[in-house]
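Engineer: sharing a model prediction with you, sequence too.
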Amino acid sequence: MPHWFKTQGKAQETLQTPIHFQSEQLRYQEKDQVILASGNVTVIQSSYTFHSDQARIDIPNKKMEAWGHVRFKDLQKNEIRSQSLKYDSGDGSAQLLEAEGAFGPWLFSTKKISRDSFGNLVLERARLSTCETDLSKYHLYGYRIKVMPKKRLTVQHALFRVGPIPVLYLPYYYYSLGERHLSFQIFPGQNNSEGAFVRTIWGYPPTDEIYLKLYLELLSKRGFGTGGEINYYSDDIKGSIYGFRIRDKLNERERWNARIFHRQEFLNHWLLQINGNQMSDDSFSNDFFREDFDRVVKELNSSVSLTYQKKTNIFRIVSQREDAFDSKTNEFFANEILTPKIEFQKTQSKLGLFSLEKIYSLSFTNRFAGQSPLGGTLTRSYRKEFNAQFSLIDHFRLLSNTNLTPKITIQNDWIDRPQGNELNEKSVQRVTGETTLRQGLSSLDIDLTHKIVQRLQNNLGADQGREEHLLSFLSWFRPKETLSIRLETAFELPRQKGESLSFLNKSKVRPIKGEISIFPKENLEIFFREEYTLSDPITGSKHPLSSMSEISWGQRALGGDYFSLGTNYLSSRDHSFELKSSARISPNKKWQIEGSLRNLFQYRNQNMFYIQKGEFLEKEAMVKTEWRCWNFSFIFRERKGVYEFLFNLELQLERSQRDKIPVNQNGGEWYPWRSLQ
């Protein structure tokens, strides 16, 4: 039996809102203006709908009560099931007992839920989950939980429980239910430098073009550290500002670092770039910079540049500073300052005469040498430098696959204080001639280049002013996509007076560099590179200077399983080579295991298979898995003098939201390693 009557909403007191209800049985108490309904009761208003077994509607007081299989749904499409309901149609507030339902990705069950006139909810003694349909298993428990639909959820004294057993306690938990999401990461762990620690990262986008991060870290040996980061990005402006500080308990010092990146395009052709770095001491980054395990910084570089660029012209003004650390005073000092440095370059373009092309550039630098590490002042303070270059290029096609490219460059270098300079000249001119012959033979390209650099001053000595005289060879063989071979070397031509040309003189041959890449099968790569000298400058013997090899199988770049084994040899590390192996395996969809190991092996009798001694350089192991609603990862890292255990605990819902953050919002343009995490 349907029935209509009028009520007034809180926000629109002068308007009447119809309420439609129907049921199997209906009784109207005319004296009290109360409707009693039973049997499949349905009540529909503009802002809500509910169903129940029985209901009582008090028309004058605009109150409704329902009990028995109550199902309540509001405009936000939040659906709640409960034993009983009390509803005020005047202001839209409601109260439900023994309720369960969902809002957004959250499922909940609560002893009592209250809804205010604005649609906000308060849950008492409630359990919530984003991945369990049975809330008696894993869930988040809160005595009082506040929910603002499509905005946020907050819990004070949150307990993550498995059944009745607590597994994690947070004094405060926040989750965004809107478009902008507050991300949260927690990293408990231990290392030899900081002891046991808990690191947390909070991230939030206040606007579509700004992303904020807050770093809070509790380190048992070092103290409490705080930091912040702002990443901003738009079509023309982008950048990042980062800072971190800690009162270090080990040495009772305030330690900190700060950095800024800024890139801005304006007026079509102008570009402003800022790169600034400061820190309290030279070991700060190795102790506290979180995202690069191998980073050791002993100097700082900062710069500001303003660039004007058109199709063939580039004009740039730069101010650049290099700071070094004085270990005696424990302070950074200005080791070198370039301000201003002015550059202009005309890129390769037609000269307008025959087929000639031109390139020219001008630069002026005001260089400040700075203070010495001993606190004194260097003899050179400011030095002005000027450089000008002009090049002419031509191209000749001798045969269908044979090209000749000659190039001549005139260069002038001027300094106002030549004292201490090798030539002791204010102005020095040089002429460079470079001619390249390129021959293409099907899948083989060969370049033969002759280069000579002639100085026009101080050229009466034994070297005749020839600073460089080379014949270079480069070949690249690519018979198919699965094979690539490169080979390059150079031969030093005569420079000294009376020096004869001898192609059999091995000491004149520059180190031979070769590399080969083979892709025999999909996801399989074999790589080898070596640099080889025919005549050691000291011993005169021939031997490899360096070599590197790697065999890799799998989908490493795509985040899949892989295995990699590689070697690295340097002649400066005599009679030893490095072996590096890494792998990632996924036993099932929820588990992923990854590790890497670097070892140094020493051998005898110039035989790398005759191992005498081995030692590890670095090892790392990582395990990732999913459990209930959580992502877990465990990381162990160790190198000489440094070890670290690190856990990462993150809700799957949090991780999925964080993965949606573009690389530019995460600072990936300024901190490239973040895009690999």
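Structural biologist: Alright, I've got the coordinates.
Engineer: got a list of what residue 205 touches?
Structural biologist: If you count contacts by CB atoms under 8 Å, 6 or more residues apart in numbering, residue 205 has them with 180-181, 211-212, 665. In short, each C-beta sits where N, CA and C put it, glycine included.
Engineer: same deal with residue 83?
Structural biologist: Counted by CB under 8 Å, 6+ apart, residue 83 has contacts 67-68, 70, 96-99.
Engineer: of the contacts of residue 205 - the most surrounded one?
Structural biologist: Highest neighbour count within the contacts of residue 205: residue 211, with 24 neighbours (other CB atoms under 10 Å).
Engineer: how near is that one to residue 234?
Structural biologist: Distance from residue 211 to residue 234, counting by CB to CB, to the nearest Å: 12 Å.
Engineer: please apply the same query to residue 532.
Structural biologist: 51 Å.
Engineer: ok, these two, which is more surrounded?
Structural biologist: Remark: of residue 532 and residue 234, residue 532 carries more neighbours, 17 against 10, as counted by other CB under 10 Å.
Engineer: am I right that residue 74 is in contact with residue 48?
Structural biologist: Yes. Residue 74 is within contact range of residue 48, at 5.0 Å (criterion: CB atoms under 8 Å).
Engineer: mind jotting down where the helices sit in the stretch 101-250 of the chain?
Structural biologist: Assigned by DSSP state H, counting those that start in this stretch, the stretch 101-250 of the chain shows no helices.
Engineer: do the same with the chain
Structural biologist: Listed in chain order, the helices of the chain (DSSP state H) span 284-288, 652-659.
Engineer: I'd like the average pLDDT over the first one.
Structural biologist: Regarding helix 284-288, the rounded mean pLDDT is 69.
Engineer: check contacts around residue 230.
Structural biologist: Taking CB under 8 Å, 6+ apart as the contact definition, residue 230 lies against 210-213, 240-242.
Engineer: swap that for residue 480, sorry
Structural biologist: Shown in contact with residue 480 (CB under 8 Å, 6+ apart): residue 443.
Engineer: look at residue 515 and report its pLDDT.
Structural biologist: Looking at residue 515, the pLDDT reads 97.
Engineer: and the nearest residue to it once chain neighbours are set aside, how many neighbours does it have?
Structural biologist: Closest residue in space to residue 515, ignoring its immediate chain neighbours: residue 529 at 3.9 Å, by CB to CB, 6 or more residues apart in numbering. Other residues within reach of residue 529, judged by other CB under 10 Å, total 16.
Engineer: likewise the one 5 residues further on?
Structural biologist: In terms of burial, residue 534 registers 17 neighbours under the definition other CB under 10 Å.
Engineer: so who does it touch?
Structural biologist: Contact analysis of residue 534 by CB under 8 Å, 6+ apart lists 506-507, 509, 512, 542.
Engineer: tell me which of those fall in strands.
Structural biologist: Per DSSP state E, strands hold the following members of those: residue 512.
Engineer: out of the contacts of residue 534, which are buried?
Structural biologist: The neighbour count (16 or more other CB atoms under 10 Å) marks 509, 512 as buried among these.
Engineer: let's have the contacts of residue 534 in TSV, adding distance to residue 629 and pLDDT.
Structural biologist: Below are the contacts of residue 534 laid out as TSV (distance: CB to CB, whole Å; pLDDT from 0 to 100):
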residue	distance to residue 629	pLDDT
506	68	90
507	68	90
509	65	94
512	58	96
542	63	89
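Engineer: would you check which pair of the contacts of residue 534 lies furthest apart?
Structural biologist: Within the contacts of residue 534, two members stand farthest from each other by CB to CB: 507 and 512, at 13.6 Å.
Engineer: low-confidence ranges, the stretch 101-250 of the chain, go.
Structural biologist: 104, 132, 179 (pLDDT under 70).
Engineer: ditto for the stretch 401-550 of the chain
Structural biologist: Residues of the stretch 401-550 of the chain meeting the criterion pLDDT under 70: 418-424.
Engineer: what about 90?
Structural biologist: For the stretch 401-550 of the chain, applying pLDDT under 90 flags the ranges 415-426, 441-442, 457-465, 480-481, 495-505, 521-522, 536-544.
Engineer: what bridges to residue 165?
Structural biologist: Beta bridges link residue 165 to residue 162, judged by DSSP bridges.
Engineer: can you report how many residues lie near the nearest residue to residue 273 once chain neighbours are set aside?
Structural biologist: Spatial nearest neighbour of residue 273, excluding adjacent residues (CB to CB, 6+ apart): residue 305 at 4.8 Å. Using other CB under 10 Å, residue 305 is surrounded by 16 other residues.
Engineer: ok, now the one 3 residues further on?
Structural biologist: Using other CB under 10 Å, residue 308 has 15 other residues around it.
Engineer: that one: what's it in contact with?
Structural biologist: Neighbouring residues of residue 308 by CB under 8 Å, 6+ apart: 269-271, 314-316.
Engineer: 10 Å - rerun?
Structural biologist: 267-271, 314-317, 344 (CB atoms under 10 Å, 6 or more residues apart in numbering).
Engineer: of those, closest to residue 570?
Structural biologist: Nearest to residue 570 among the contacts of residue 308: residue 316, at 36.9 Å, using CB to CB.
Engineer: what about the closest one, distance to residue 334?
Structural biologist: Using CB to CB, we find residue 316 at a distance of 22 Å from residue 334.
Engineer: can you give me the neighbour number for the closest residue to residue 183 other than its chain neighbours?
Structural biologist: Counting by CB to CB, 6+ apart, residue 183 lies nearest to residue 203, which is 4.3 Å off, once chain neighbours are set aside. Using other CB under 10 Å, residue 203 has 21 neighbouring residues.
Engineer: correct me if wrong: residue 203 contacts residue 650.
Structural biologist: No. Judged on CB atoms under 10 Å, residue 203 makes no contact with residue 650 at a distance of 12.0 Å.
Engineer: which pLDDT value belongs to residue 254?
Structural biologist: You'll see residue 254 listed with a pLDDT of 92.
Engineer: relative to residue 226, how far out is the residue nearest to it when sequence neighbours are not counted?
Structural biologist: Spatially, and ignoring its direct neighbours in sequence, residue 254 is nearest to residue 247 (5.7 Å; CB to CB, 6+ apart). Residue 247 sits 10 Å away from residue 226, going by CB to CB.
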